[in-house]
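Participant: please work out how this folds:
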Amino acid sequence: MSEIAAAAASWVARLRALTPARVGLGRTGVSQRTSDLLQFQRAHAQARDAVHARLETAALSAAIGAISGDDVMRLNSMAADRRVYLQRPDLGRRLDERSAAALADLQIGRCDLSLIVADGLSALAVERHATPLLESLLPWLEGWRLAPICIVEQGRVAIGDEIGAALGAQLCVVLIGERPGLSSPDSLGAYVTWEPRPGRMDAERNCISNIRSEGLGYAEAAAQLVFYLSEARRRKLTGIALKEESHLIEEG
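Facilitator: Here you go, the predicted structure:
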């Protein structure tokens with residue numbers, strides 16, 4: 001190997017250690033190398049599988065119940081199955097009749113926070129990361145009046161608005177599988193909304209993204225969530241007016 005080629009290989013190796021993105025791809029003539037092409041096809045298949053996979057709600061409910069010490073509610077959106085969910089995003093934002101009735105039957109009074117777990121576009125992300133994230137988060141919430149944790153099949157972010165309103169929650173957090181990328185089929189997102197109710201806009205929420213082993217760690221994500229929850233309760237808002245640096249600007 002020539003001196004230039006060795007230096008280039010060393011530079012590519014260092015760059016790849018910093019990112020899972022496809023960088024420094026080699027070529028054979030005018031084509032990509034077979035190994036790189038196969039890796040791309042594998043990543044694409046993983047992303048497609050993540051989008052179409054169904055959430056194993058029974059196992060997830062048992063795992064979350066074990067760390068929370070409470071029963072977990074299992075709900076469904078108006079999307080009857082995965083095909084409908086992907087074709088009709090609007091149905092993933094509303095509860096079906098059975099789920100809405102189950103929430104209406106609860107007699108818990110008003111609460112500070114509703115925690116909701118929804119499959120979103122990656123059930124894999126939820127199955128891998130929702131439980132350990134909640135395990136990091138729940139100790140920070142001592143003293144908060146929590147509604148029963150809800151798991152929603154075929155759910156979108158906005159379904160938390162209906163659930164939070166039905167439970168009389170001051171705030172809601174939706175943990176949801178994000179749209180898979182070609183290097184991240186299992187990325188979990190967390191959306192925080194003040195005074196959830198149907199009709200809330202995305203600009204009225206705060207989002208923490210890329211929660212996973214190769215991205216934002218559970219402890220760091222839990223700390224960010226606690227910041228947003230505490231500041232939201234203090235300032236009575238979430239969304240574009242509430243940023244992590246907001247308190248620094250106010251204090252400066």
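
Participant: in the helix or strand containing residue 225, which residues are buried?
Facilitator: Element membership of residue 225, judged by DSSP states H and E, is helix 218-235. Neighbour-count burial for helix 218-235, counted by 16 or more other CB atoms under 10 Å, picks out 218, 221-222, 224-225, 227-229, 231-233. C-betas here are computed from N, CA, C, even on glycine.

Participant: which residue, neighbours along the chain excluded, lies closest to the residue positioned nearest the centre of the chain?
Facilitator: In the chain, the C-alpha nearest the mean C-alpha coordinate belongs to residue 189, at 2.4 Å (CA atoms, centre = their mean). Distances taken as CB to CB, 6 or more residues apart in numbering place residue 178 nearest to residue 189, at 4.5 Å, with adjacent residues excluded.

Participant: where along this structure do the strands fall?
Facilitator: For the chain, strands defined by DSSP state E occupy the ranges 27-28, 31-32, 73-76, 111-118, 150-153, 169-177, 188-194, 205-211.

Participant: pLDDT score for the residue nearest to the centre of the chain?
Facilitator: Confidence at residue 189, expressed as pLDDT, is 97.

Participant: you'd agree it is up against residue 208?
Facilitator: Yes: with contacts counted by CB atoms under 8 Å, residue 189 reaches residue 208, the gap being 6.8 Å.

Participant: list the residues that contact residue 117.
Facilitator: Residue 117 makes contact with 60, 64, 126, 130, 134, 149-152, 174-176, according to CB atoms under 8 Å, 6 or more residues apart in numbering.

Participant: from residue 90, how far off is it?
Facilitator: From residue 117 across to residue 90, the span is 21 Å (CB to CB, to the nearest Å).

Participant: kindly report the same for residue 123.
Facilitator: According to CB to CB, residue 123 stands 20 Å off from residue 90.

Participant: for the two, work out which one has more neighbours and name it.
Facilitator: Under the criterion of other CB atoms under 10 Å, the comparison of residue 123 against residue 90 puts residue 123 first, with 24 against 11.

Participant: tell me how many other residues surround residue 97.
Facilitator: Using other CB under 10 Å, residue 97 has 9 neighbouring residues.

Participant: could you do the one 10 residues further on as well?
Facilitator: Under the neighbour criterion other CB under 10 Å, residue 107 is assigned a count of 5.

Participant: and for the one 4 residues further on?
Facilitator: Counted by other CB under 10 Å, the residues lying close to residue 111 total 18.

Participant: any idea which of the contacts of residue 117 is closest to residue 105?
Facilitator: Using CB to CB, the shortest approach to residue 105 within the contacts of residue 117 belongs to residue 150, at 13.7 Å.

Participant: tell me the bridge partners for that closest one.
Facilitator: Here residue 150 sits in beta bridges with residue 73, residue 116, going by DSSP bridges.

Participant: isn't it right up against residue 163?
Facilitator: Yes: counting by CB under 8 Å, residue 150 touches residue 163, with 5.7 Å between them.

Participant: which residues are common contacts for these two?
Facilitator: Common contacts of residue 150 and residue 163 (CB under 8 Å, 6+ apart): 75, 114, 116.

Participant: where in the stretch 101-250 of the chain is pLDDT low?
Facilitator: In the predicted model of the stretch 101-250 of the chain, residues 245-250 satisfy pLDDT under 70.

Participant: and with 80 instead?
Facilitator: For the stretch 101-250 of the chain, the stretches with pLDDT under 80 are 107, 182-183, 244-250.

Participant: still on that earlier bit, same drill for residue 150 and residue 163, tell me which one is more crowded.
Facilitator: residue 150 (29 against 26).
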